[in-house]
Structure formats: structure tokens, C-alpha cells
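Asks: below is the structure, and that's it, no one-letter string:
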């Protein structure tokens with residue numbers, strides 16, 4: 001399945017120029033193995049969690065969880081339960097997905113729902129809110145590998161944003177994503193040098209950054 005052109009992604013680039021904090025994730029990890037899902041729920045008051053799919057959970061356009069991430073995915077399912085987890089993809093579940101066949105395949109494979117939505121990330125936050133309500137946006141985390149789609153999507157919606165900075169594989173990914181992802185890494189380094197902070201969020205507002213990493217991540221664990 002090939003993604004159609006993402007007009008929302010282009011338009012929201014200008015929002016980032018006006019408000020760079022939209023591009024800064026609250027937490028940066030290598031991949032989902034570094035997320036302590038139990039502590040995220042217990043100490044961060046996070047009650048639901050959304051994920052991008054491609055290069056966050058699966059190889060590009062694949063349906064199965066990547067083998068290296070199976071343990072972490074099970075930890076997430078145990079911590080949040082499947083009804084409080086959802087996949088928000090710019091491929092599966094969109095209008096590019098004929099009869100939502102790919103969404104159905106992913107649901108069978110990963111064991112959680114795939115959001116059906118017309119507006120591609122970083123637009124479409126209302127669909128995520130409607131799915132999880134009455135859970136509030138600040139009680140929802142969003143995890144993804146892309147800055148200008150996943151992180152901006154979550155920050156615009158008031159979610160706790162987690163950026164998985166190391167992708168699974170470039171094989172099979174579309175060329176535009178390959179180029180933009182490299183640019184996003186440069187963007188994050190520049191914003192960090194400029195001391196740009198992510199939007200305020202109650203899970204991190206009153207905690208020192210180092211303490212947040214210790215509580216919400218498994219950086220020091222095998």
C-alpha cells in the first residue's frame with residue numbers, strides 16, 4: 001500500500017515555524033523498549049496510549065510487530081490493556097487503505113484497534129479524542145518515529161509525546177519519508193541547541209528532566 005500525498009503535513013510545517021515547541025517531544029527514546037509503560041501509567045497519570053505504526057512498531061507497511069519489540073509490546077498491553085491502546089497510522093485506517101483491509105490485518109496481528117480517520121497526522125486529533133473519551137487528551141500519550149507528523153500531532157492535541165528516534169528499517173519505506181526523517185533529526189538537534197522546550201504537560205511540568213527519564217524510561221536496563 002502506498003500513501004497519498006500528505007497535505008496536512010506540509011501545512012503544519014508552517015505552524016512549527018511559528019511555534020517550534022510543537023516539534024519538541026516530551027520524551028526521546030531509541031525505541032519502545034525504552035518506555036516504562038507501567039510507570040508511565042502509574043506516575044504520569046497516563047490512561048491511554050496511541051502509536052504510529054510504520055517504523056515505530058512494525059517495518060514499513062508490515063502488519064506484524066517487529067520481533068525485537070515483542071517483549072515491549074506485551075509490556076504495553078499488560079500495563080494499559082488493549083482497549084486503551086490504538087494505532088494511528090497515515091497508511092492503515094486512512095482513505096488510502098481500500099476497505100480498511102490493512103487496518104483489519106494490523107488489528108488481527110497486534111491485538112488492538114486501528115483508528116479509522118480521514119485526516120492524516122498531524123491533523124485529525126479530534127478522532128483520537130472521540131475514540132478515548134471521556135479520557136482527557138493530557139491523559140493520553142502518543143508515540144511515533146516522525147517529528148512533523150507524530151510529535152506535532154500529539155503536541156497539538158495536548159498529549160504526552162514520545163519520539164522513537166531510531167527506526168526499525170529504511171527498507172520498503174517511501175522516499176519522501178526517508179528524506180524528511182533525516183531533516184527532522186537535524187531539526188531536533190537545532191531546537192535542542194536553541195533550548196526549545198515542548199508544550200507544557202502535567203506529567204512532566206513539575207519534575208526535573210533527568211528524573212522524568214528515570215521514571216518513564218528503561219534507559220539503564222538491558
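Replies: Looks like it came in fine. Just so we're clear, the structure is a prediction, and the values are computed from it rather than from any experiment.

Asks: rounded mean pLDDT for the longest helix along the chain, please.
Replies: Determined from DSSP state H, the single longest helix within the chain is helix 175-193. In this model, helix 175-193 has a mean pLDDT of 91.

Asks: give the other helices and strands that that helix contacts.
Replies: Packing partners of helix 175-193 (3 or more Cβ pairs under 8 Å, 6 or more residues apart in numbering; DSSP states H and E): none among the helices and strands. Quick note: C-beta positions are derived from backbone N, CA and C, even for glycine.

Asks: which residues are contacting it?
Replies: 20, 23-24, 28, 60, 145-148, 163, 165, 167, 170 (Cβ atoms under 8 Å, 6 or more residues apart in numbering).

Asks: buried residues in that helix?
Replies: 177, 180-181, 184, 187-188, 191 (16 or more other Cβ atoms under 10 Å).

Asks: repeat for stretch 75-85
Replies: The neighbour-count check on stretch 75-85 (16+ other Cβ under 10 Å) flags 75-77, 79-80, 84-85 as buried.

Asks: before we move on, what about stretch 128-136?
Replies: For stretch 128-136, by 16+ other Cβ under 10 Å, it's 128-129, 131-132.

Asks: between those residues, which is closest to residue 66?
Replies: Proximity to residue 66 was ranked across the buried residues of stretch 128-136 by Cβ to Cβ; first place goes to residue 128, at 23.3 Å.

Asks: which of the helices and strands in this structure ranks last by mean pLDDT?
Replies: Lowest on mean pLDDT, DSSP states H and E among the helices and strands of the chain sits helix 7-18, with a mean of 65.

Asks: for the helix or strand following that helix, the distance to its chain's centre please.
Replies: Note on helix 7-18: by DSSP states H and E, the next helix or strand toward the C-terminus is strand 27-29. How far strand 27-29 lies from its chain's middle: 11 Å, per Cα atoms, centre = their mean, to the nearest Å.

Asks: one more: stretch 30-48?
Replies: Counting by Cα atoms, centre = their mean, stretch 30-48 comes out at 13 Å from the chain centroid.
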